[in-house]
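K.L.:
Kindly generate the corresponding structure for this input.
(one chain, ligands or ions: 1)
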Amino acid sequence: MTALPNPAAATLVPLDDVDPALVEDLLDRAFEPERRQRTAYKIRGEHSDALGALSFAAIGPDDRLAGTIQCWPVALTPPGARAVPLIMVGPVAVLPEHQGAGYGQALMLASLGALSPEAPLPLMMIGDPEYYGRFFGFSAEYTGGWTVPGPCDPARLLCRALRAELLPREGMLGPWRS
Ligand SMILES: CC(C)(COP(=O)(O)OP(=O)(O)OC[C@H]1O[C@@H](n2cnc3c(N)ncnc32)[C@H](O)[C@@H]1OP(=O)(O)O)[C@@H](O)C(=O)NCCC(=O)NCCS
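P.N.:
Got it, this is the predicted structure:
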């Protein structure tokens, strides 16, 4: 992994402290309004709530929202076996005018730092391996047999876990249903 070049540029607050409409506006600008059709939205399901303790907002120097990260409870269900709980990271979104200033890294570090140190759940995400592998140790090495409810480049289906080699090699990703 590459050392983080500039991770401390942002003021971070819990995402729950931010007006949800502002978060939706930011996501529309960082991605596109059709983002809701993305496979990651189908994995987390329509009726899930983001994990408040792991989801953050970055406030820029102008005191306005500059970026967000959300994390979701999801499940990997192997054929004929019990579902394994995972945390889905994302979307991670930084407004175009703030990109490259360390906000993305600061948001990722906040979520990773809020995981239970004794028993961190495995993480998964759909994202650029060049970014999430380089800085945060995510990898597609053990996700090749995982199925998702929509299109997904296998190279972008990433996970990070203390012992990723022990995760099920096959299974369907979907919302966590307790
Ligand atoms: C991807 C994203 C979250 C990164 O956040 P950021 O604040 O712009 O990035 P940071 O400042 O933390 O990191 C900058 C470094 O990461 C690299 N980087 C940024 N985005 C990258 C990407 N998608 N792929 C590879 N490298 C990337 C930059 O080149 C830079 O590297 P350098 O320091 O060697 O020049 C942000 O650019 C973004 O919101 N993009 C649009 C939405 C998106 O694609 N989200 C990810 C999918 S969930």
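
K.L.:
The residue nearest the centre of the chain: what secondary structure?
P.N.:
Centrality entry for the chain: nearest residue to the mean C-alpha point is residue 89, 1.5 Å, by CA atoms, centre = their mean. Going by DSSP: H, G, I helix; E, B strand; the rest coil, the secondary structure assigned to residue 89 is strand.

K.L.:
for it, what are its contacts?
P.N.:
Under the criterion of CB atoms under 8 Å, 6 or more residues apart in numbering, the neighbours of residue 89 are 69, 71, 108, 111, 123, 124, 125, 127. No exception for glycine: its C-beta is placed from N, CA and C like everyone else's.

K.L.:
and the fifth one, how many neighbours does it have?
P.N.:
What it means is residue 123. Around residue 123 sit 25 other residues, with neighbours defined as other CB atoms under 10 Å.

K.L.:
So the residue lying closest to it once chain neighbours are set aside versus residue 114, what's the distance?
P.N.:
Of all residues not flanking residue 123 in the chain, residue 160 sits nearest, at 4.6 Å (CB to CB, 6 or more residues apart in numbering). With distances taken as CB to CB, to the nearest Å, residue 160 is found 14 Å from residue 114.

K.L.:
quick one on the thing from earlier: narrow the contacts of residue 89 to those in strands?
P.N.:
Mapping these onto strands (DSSP state E) picks out 69, 71, 123, 124, 125.

K.L.:
The residue nearest to residue 59 when sequence neighbours are not counted and the ligand: what is the separation?
P.N.:
Counting by CB to CB, 6+ apart, residue 11 is the residue found nearest to residue 59 once chain neighbours are left out, at 4.5 Å. Distance, residue 11 to the ligand, using CB to the nearest ligand atom, to the nearest Å: 14 Å.

K.L.:
List the residues that contact the residue of the chain found nearest the ligand.
P.N.:
Among the residues of the chain, residue 104 lies closest to the ligand, at 2.2 Å counting by CB to the nearest ligand atom. Residues touching residue 104, when contacts are defined by CB under 8 Å, 6+ apart, comprise 67, 92, 94, 131.

K.L.:
Perfect, I'm done here.
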